[in-house]
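Asks: Okay, predicted coordinates and the sequence, questions at the end:
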2 protein chains.
Amino acid sequence: MEEATTDGRVLRGEATRERVLDAAERLFAAEGFDAVSIRRIAAEAGVTLGVVGFHGGSKQKLFRTVLERRVEALNAARRARLAELRAQDVPLEMRDLVDGYLTPYLDQASRGDPQWRAYARLIARIVSDDRWYPEVGGLYDPVAQEYLDAMHELRPEVPRRELVTALTLTVASMLSLVASRARIAGLSGREAGGPMDYRETLITFCLGGIEAVAARGR
Amino acid sequence: MEEATTDGRVLRGEATRERVLDAAERLFAAEGFDAVSIRRIAAEAGVTLGVVGFHGGSKQKLFRTVLERRVEALNAARRARLAELRAQDVPLEMRDLVDGYLTPYLDQASRGDPQWRAYARLIARIVSDDRWYPEVGGLYDPVAQEYLDAMHELRPEVPRRELVTALTLTVASMLSLVASRARIAGLSGREAGGPMDYRETLITFCLGGIEAVAARGR
DNA sequence: GTCTATATGTAGATAGAC
DNA sequence: GTCTATCTACATATAGAC
């Protein structure tokens, strides 16, 4: 994991910046913004304090950089799913929209790159926090609006604010599973698996919830 | 708000302890454990640093005291609702259980004592956090188990772990509304009200979700 | 029960050597 | 680009006067 060095000097050029951002991502995801010092980020990244300042700027700016680094990839995955659905011959269904919005995120939260898993946990930690919404809202809301448009096409008789609430509760449910399965484990008396183990139940729950809200708002 | 003092000495006996816990509750709720120093709690409470240490012990212990202070009242409200429902002549319905679990908390989050509102936001902040679940799980899970028992009576054919997941997602949805309505406001382009303004939609969503999970698990 | 004072450590940020 | 050193501020915790 550590690049070979013989004299204590580590010259890795551009890669160092990534190491700093990766370390910040892991620690912020695991413990939150306030619990993590830039000194610990430096130690985790295997660099000195000054290096973090050089690449990341202030702690706040470093945090924002970490948030923004992966936004486009996730937005693109969700948009691609929506485009696929619209290109199909069969009519759009609400279940497809729920699946299309949730699955790219659950995928990243469950498998592949551990840094993506950390990022997913970080997002789960802050999206429903007034303090950070101004930082992240603008990053993810445009794609959410596109899904809301599609939901509105399917249920044009439902007031949009009801769809907004239903989608927001859907996202909250999704994020809660990524943030922690500890309570499920505690209440059910068994080990909880990863977020992907709950995908089917989550989609069923959220779809049922959205349909119920839509039916009432008719 | 400030008791009259003439000499800088404030002798309020037992009330001081409450002031310290109230101040801690407000600040922890608004900004989280790590963002708040006991110095700020002291300032908020209008006491000196040593007083907080005297009444609260360590920061961790102070936090736990704040958490535990209101648990019994909330548990009692939920148990009273469940007892009422069981005492009725009409058969138990799933909607009553959802309402019985959510409404006492939403009540406290929306009206009355501002300290109760703060406590509700504090709980919302930590229940789905691995770091704090060991501190709060044991406080709220027994009542959750009683509601799960009632849910299981209504749908005995559904595996209990599915009911656990559905109830946990229900709670996550509820907590997200108490923690922040900022995203709903941002996505819908209008001011968000208090948590109680979303009670009907929330209950409809969660009930629809639970019924859908139960129907699939049959 | 409340105060002051302080011990001891860590925080964020940056200047300047290499 | 990276390191060391340091400034300034604030953290938790507690001892001991009143």
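Replies: Structure's in. What do you need?
Asks: ok, and what's touching the lengthiest helix in chain A?
Replies: For chain A, the helix that runs over the most residues, judged by DSSP state H, is helix A:133-154. If you take CB atoms under 8 Å, 6 or more residues apart in numbering or on different chains as the criterion, helix A:133-154 is touched by A:63-64, A:67-68, A:71, A:74-75, A:78-79, A:82, A:85-86, A:92-94, A:97, A:100-101, A:123, A:126-127, A:158, A:160, A:163-164, A:167, A:171, A:210, B:180, B:182-183, B:186-187. Just so you know, the C-beta spots here come from the backbone N, C-alpha and C atoms, and that holds for glycine as well.
Asks: what does stretch A:168-178 give?
Replies: Against stretch A:168-178 from outside (CB under 8 Å, 6+ apart): A:98, A:101-102, A:105-106, A:109, A:120-121, A:123-124, A:127-128, A:144, A:195, A:198, A:202, A:205-206, A:209-210, B:128, B:168-169, B:172-173, B:175-177, B:183-184, B:187, B:202, B:205, B:209.
Asks: The residues you listed in helices, which ones?
Replies: Among the contacts of stretch A:168-178, DSSP H puts A:98, A:101-102, A:105-106, A:109, A:120-121, A:123-124, A:144, A:202, A:205-206, A:209-210, B:168-169, B:172-173, B:175-177, B:183-184, B:187, B:202, B:205, B:209 in helices.
Asks: Show me the domain layout of chain A.
Replies: Using automatic domain parsing, the domains assigned to chain A come out as A:14-67, A:70-216.
Asks: Now do the host helix or strand of residue A:82 and helix A:133-154, the angle between them.
Replies: For residue A:82, the enclosing helix or strand under DSSP states H and E is helix A:71-87. The directions of helix A:71-87 and helix A:133-154 differ by 0 degrees, with axes from the mean of the first three to the mean of the last three CA atoms, to 10 degrees as the criterion.
Asks: low-confidence ranges in chain A?
Replies: For chain A, the stretches with pLDDT under 70 are A:1-13.
Asks: make it 50
Replies: Residues of chain A meeting the criterion pLDDT under 50: A:1-10.
Asks: What residue in it comes nearest to DNA strand D?
Replies: residue A:50 (2.8 Å; CB to the nearest atom of the strand).
Asks: related to what we said a few turns ago, can I get the buried ones among the ones in helices among the contacts of stretch A:168-178 as something I can paste into ChimeraX?
Replies: Burial among those is assessed by 16 or more other CB atoms under 10 Å in any protein chain shown; the matching ChimeraX selection reads:
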select /A:98,101,102,105,106,109,120,121,123,124,144,202,205,206,209,210 /B:168,169,172,173,175,176,177,183,184,187,202,205,209
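Asks: before we move on, back to that, which among the contacts of helix A:133-154 end up buried?
Replies: By 16+ other CB under 10 Å, the contacts of helix A:133-154 give A:63-64, A:67, A:71, A:74-75, A:78-79, A:82, A:85, A:92, A:94, A:97, A:100-101, A:123, A:126-127, A:158, A:160, A:163-164, A:167, A:171, A:210, B:180, B:182-183, B:186-187 as buried.
Asks: Kindly identify which of those also come near DNA strand D.
Replies: Here nothing survives when the buried ones among the contacts of helix A:133-154 are matched to DNA strand D using CB under 7 Å from any atom of the strand.
Asks: chain center to the helix or strand hosting residue A:215, what's the gap?
Replies: Per DSSP H and E: residue A:215 is located in helix A:199-216. In terms of CA atoms, centre = their mean, to the nearest Å, the centre of helix A:199-216 is set 20 Å apart from its chain centre.
Asks: and that helix, which residues are buried?
Replies: Within helix A:199-216, judged by 16+ other CB under 10 Å, the buried ones are A:199, A:201-214.
Asks: try stretch A:16-33
Replies: Across stretch A:16-33, burial judged by 16+ other CB under 10 Å covers A:16-17, A:19-29, A:31-33.
Asks: Going by distance to chain B, which of these wins?
Replies: Nearest to chain B among the buried residues of stretch A:16-33, counting by CB to the nearest CB, is residue A:32 at 6.4 Å.
Asks: check contacts around the closest one.
Replies: Residue A:32 sits next to A:125, B:32, B:34 when contact means CB under 8 Å, 6+ apart.
Asks: Next one: residue A:89 from residue A:98, what distance?
Replies: Per CB to CB, to the nearest Å, residue A:89 is found 21 Å from residue A:98.
Asks: I should have written residue A:166 there, sorry.
Replies: Following CB to CB, the distance that separates residue A:166 from residue A:98 is 10 Å.
Asks: which neighbours do these two share?
Replies: Between them, residue A:166 and residue A:98 share the contacting residues residue A:210, judged by CB under 8 Å, 6+ apart.
Asks: follow-up on the earlier one: counting neighbours, which bits of the longest helix of chain A end up buried?
Replies: Quick answer for helix A:133-154 (16+ other CB under 10 Å): A:133, A:136-137, A:139-140, A:143-144, A:146-148, A:150-151, A:154.
Asks: near DNA strand D, which of the residues you listed show up?
Replies: Okay, of these, nothing touches DNA strand D (CB under 7 Å from any atom of the strand).
Asks: and of these, the nearest to residue A:58?
Replies: Distance to residue A:58, by CB to CB, is smallest for residue A:136 among the buried residues of helix A:133-154, at 17.8 Å.
Asks: Give me the distance between that closest one and residue B:180.
Replies: Residue A:136 is 12 Å from residue B:180, by CB to CB.
Asks: what do you get for residue A:47?
Replies: Going from residue A:47 to residue B:180 by CB to CB gives 35 Å.
Asks: And for residue A:23?
Replies: 28 Å.
Asks: thought residue A:159 was touching residue A:218?
Replies: No: under the criterion of CB atoms under 8 Å, residue A:159 makes no contact with residue A:218, lying 9.9 Å away.
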